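In: Provided below are the primary sequence and the corresponding predicted coordinates.
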Amino acid sequence: MQQEILIDLVTKKMPFGKYKGRLICDIPEHYLIWMHRKGFPEGKLGMWLHTMYEIRVNGLEYLLTELRTKIIPKK
């Protein structure tokens, strides 16, 4: 997996819908499953959501943990 995609997951925000304004990495699994059933949007957003879906359903959240703490320091 490209590091650029992982960086996008912890820095880009959902542009619409129930979770508008939330970081892609913070979107709940149930919403990603719903999107998977309905179909992900086209373009980068769809690729990010699909990647996040795969990370969640396969228990790979650890891939984002260290990266997230480096990019988004705790307050």
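Out: Noted; the coordinates are in hand.
In: so how far is the longest helix along the chain from its chain's centroid?
Out: Longest helix of the chain, by residue count under DSSP state H: helix 43-57. Here the centre of helix 43-57 is set off from its chain's centre by 6 Å, with C-alpha atoms, centre = their mean, to the nearest Å.
In: So which elements touch it?
Out: Under the contact criterion of 3 or more C-beta pairs under 8 Å, 6 or more residues apart in numbering; DSSP states H and E, helix 43-57 touches helix 3-11, helix 29-38. No exception for glycine: its C-beta is placed from N, CA and C like everyone else's.
In: For those helices, which has the smallest mean pLDDT value?
Out: Ranked by mean pLDDT, the helices and strands packed on helix 43-57 end with helix 3-11 at the bottom, a mean of 91.
In: what comes up buried for it?
Out: 6, 8, 9, 10 (16 or more other C-beta atoms under 10 Å).
In: which secondary structure elements does it contact?
Out: Against helix 3-11 (3+ C-beta pairs under 8 Å, 6+ apart) you get helix 43-57, helix 62-71.
In: out of those, deepest packed?
Out: Ranked by mean neighbour count, these are led by helix 43-57 with a mean of 16 (mean count of other C-beta atoms under 10 Å).
In: What average pLDDT does that helix get?
Out: For helix 43-57, the per-residue pLDDT averages 95.
In: Distance to residue 24 for the helices and strands packed on helix 3-11 - can I get that in CSV?
Out: Conversion of these to CSV gives the following (distance: least, C-beta to C-beta, whole Å):
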stretch, distance to residue 24
helix 43-57, 5
helix 62-71, 10
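In: Could you double-check that residue 52 sits in contact with residue 31?
Out: No. Under the criterion of C-beta atoms under 8 Å, residue 52 makes no contact with residue 31, lying 9.8 Å away.
In: burial of residue 25, as a residue count?
Out: Taking other C-beta atoms under 10 Å as the criterion, the count of residues near residue 25 is 22.
In: Ok, residue 27 next?
Out: 22.
In: ok, now which ones touch it?
Out: 14, 19, 49, 52 (C-beta atoms under 8 Å, 6 or more residues apart in numbering).
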